[in-house]
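[1] Show me the folded form of this:
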Amino acid sequence: SHIAANGTLCGVILSSDKTHITNMCRGRVAHPLLISVANIRMNIRNKASLHTFLLLALMPIPRFLHNTTRMCSVLAARLFHHCLDIILDPLKIAAHIGRMMSDPVGNLCYCFTPLVSYIVDSPKAAMVACVRGQTSPITLAKYDQFGDLNPCQT
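    Residues are numbered from 1 along each chain as shown. Now for the predicted structure:
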């Protein structure tokens, strides 16, 4: 909760989405996990040609022999969370105790790297937030509570 007097806050942004590599050869699919720094302007970060996101890992996409969809989705979610835990362990340590990093000029800075955003689509956001069905991943609202309480009347 407190940053050292000489420390620098260096927020991290993650992004992930399933990507179809090819439609030939049984439609290969990859699930890249990308990482970026939060101090890059959004209009620059959103341009893919500027390469502001770097590949951090390729997440596994399991195929199960069990044909119960519910069981497979629970196992896939647990696998995804476990892989995230392993991949992000160094980031969690750097966010907690800090780490020496060099800036673009070459000066060393004591940096803390909290995760400030995770860009995903709605189904993946629900899975990352450990909610199911038609539940909001950011509030405790259920689907029947969605909507405007005071709709505009014209």
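[2] Residue 17 contacts residue 125, doesn't it?
    No - between residue 17 and residue 125 there is no contact under Cβ atoms under 8 Å: 11.1 Å. Any C-beta I mention is one placed from the backbone N, CA and C, and that applies to glycine too.
[3] So what are the sheet partners of the longest strand along the chain and their directions?
    The residue-count maximum for a strand in the chain (DSSP state E) belongs to strand 29-37. Next to strand 29-37 in the sheet, as set by DSSP bridges, lie strand 12-16 (antiparallel), strand 19-20 (antiparallel), strand 54-59 (antiparallel).
[4] Kindly export the following helix or strand past that strand (C-alpha atoms) in PDB.
    On the C-terminal side of strand 29-37, the closest following helix or strand by DSSP states H and E is helix 42-45. Extracted in PDB, the C-alpha atoms of helix 42-45 (Å, rounded to 0.1, in the frame of the first residue of the first chain):
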ATOM      1  CA  MET A  42      -4.200   4.800 -25.200                       C
ATOM      2  CA  ASN A  43      -4.300   6.100 -28.800                       C
ATOM      3  CA  ILE A  44      -0.700   4.800 -29.200                       C
ATOM      4  CA  ARG A  45      -1.300   1.500 -27.300                       C
END
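[5] list the helices and strands the helix-or-strand element of the chain with minimal mean pLDDT packs on?
    Ranking every helix and strand in the chain by mean pLDDT, DSSP states H and E puts helix 122-128 at the bottom, with a mean of 72. Under the contact criterion of 3 or more Cβ pairs under 8 Å, 6 or more residues apart in numbering; DSSP states H and E, helix 122-128 touches helix 69-87.
[6] Dump the helix it packs on to PDB, keeping only the CA atoms.
    The C-alpha coordinates for helix 69-87 follow below in PDB (Å, rounded to 0.1, in the frame of the first residue of the first chain):
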ATOM      1  CA  THR A  69     -19.700 -29.500 -20.800                       C
ATOM      2  CA  ARG A  70     -20.100 -28.100 -17.300                       C
ATOM      3  CA  MET A  71     -17.200 -30.200 -15.900                       C
ATOM      4  CA  CYS A  72     -15.000 -29.300 -18.900                       C
ATOM      5  CA  SER A  73     -15.600 -25.500 -18.400                       C
ATOM      6  CA  VAL A  74     -14.800 -25.800 -14.700                       C
ATOM      7  CA  LEU A  75     -11.500 -27.700 -15.400                       C
ATOM      8  CA  ALA A  76     -10.600 -25.200 -18.200                       C
ATOM      9  CA  ALA A  77     -11.200 -22.200 -15.900                       C
ATOM     10  CA  ARG A  78      -9.100 -23.800 -13.100                       C
ATOM     11  CA  LEU A  79      -6.300 -24.500 -15.500                       C
ATOM     12  CA  PHE A  80      -6.400 -20.900 -16.800                       C
ATOM     13  CA  HIS A  81      -6.300 -19.500 -13.300                       C
ATOM     14  CA  HIS A  82      -3.400 -21.800 -12.300                       C
ATOM     15  CA  CYS A  83      -1.400 -20.900 -15.400                       C
ATOM     16  CA  LEU A  84      -2.000 -17.200 -14.700                       C
ATOM     17  CA  ASP A  85      -0.800 -17.700 -11.100                       C
ATOM     18  CA  ILE A  86       2.400 -19.300 -12.300                       C
ATOM     19  CA  ILE A  87       3.100 -16.800 -15.100                       C
END
